[in-house]
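*Asks:* let's see this in three dimensions:
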Amino acid sequence: MRVALLGSGRGSNADAVLRAQAEGRLGKAKVVGIWCDVPTAKMLELGPKYGVPACFLDTGPFKTKFAPEREHAWAEALKAERIDLVVLAGFMRVIKAPLLEAFSGRIVNLHPSLLPAFPGLDGIGQAWAANVPEAGCTVHWVNAEIDGGAHLGQTRVRRTPDDTLESFANKIHAAEHTLLPAVIARLSESLTP
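*Replies:* Alright, predicted model coming up:
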């Protein structure tokens, strides 16, 4: 199963997936490329580190969505690589057609909350402000509804009295780094390219 990692930032989740691949924990999945929408993102440095092609692709002038012609260019780039599964790992753009159409049922996202609670931006901050006793992370299928696709896996993280927002976030990120590679490995056994 040929996997594309899409991201926007430092790439800690992409690093966890690539580390799992290097350690033989990604099942039949193989990450064949990293695509990033920020030319200076640390995520792009993971390419040389793991021997995987990494490139910047322009999304156009908008901050949280694609320019339509640029989303078409991304879809074409991923199709040219014969991608079986698109993994959004810290990708901060709303996905619409043509990516949703080109990869229908083959795009997953990692979100830092126990969906359906706290969808959208800053799931961890939302959970912290709500003073919930536990939060966590969810891997889900991507559809037209933001963070609305069917769940593929969740990990719960307890909030303790001594937690700060930073320590709570660190626990959730650690859970993400375990959950995402495990879901990809499981999908590699069931998705037919």
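
*Asks:* so which residues of the protein form helices?
*Replies:* Using DSSP state H, the helices of the chain run over 12-22, 46-50, 68-80, 99-102, 123-129, 165-190.

*Asks:* select from those the stretch with the lowest mean pLDDT.
*Replies:* Among those, helix 68-80 has the lowest mean pLDDT, at a mean of 89.

*Asks:* and that one, what does it pack against?
*Replies:* Using 3 or more Cβ pairs under 8 Å, 6 or more residues apart in numbering; DSSP states H and E, the elements in contact with helix 68-80 are strand 30-36, helix 99-102. (Glycine included, C-beta is placed from N, CA and C.)

*Asks:* can you list the neighbours in contact with that helix?
*Replies:* Helix 68-80 has contacts (Cβ atoms under 8 Å, 6 or more residues apart in numbering) with 4, 35, 57-60, 66, 86, 95-99, 101-103.

*Asks:* quick check: mean pLDDT of stretch 143-154?
*Replies:* Stretch 143-154 comes out at a mean pLDDT of 95.

*Asks:* and the end-to-end length of it?
*Replies:* By Cα to Cα, to the nearest Å, the extent of stretch 143-154 from end to end equals 18 Å.

*Asks:* give me the buried stretch members for it, please.
*Replies:* Across stretch 143-154, burial judged by 16 or more other Cβ atoms under 10 Å covers N143, D147, G149, L152, G153, Q154.

*Asks:* which residues sit against stretch 168-175?
*Replies:* Contacts for stretch 168-175 (Cβ under 8 Å, 6+ apart): S12, P112, I124, A127, W128, A135, G136, C137, T155, V157, R159, D163.
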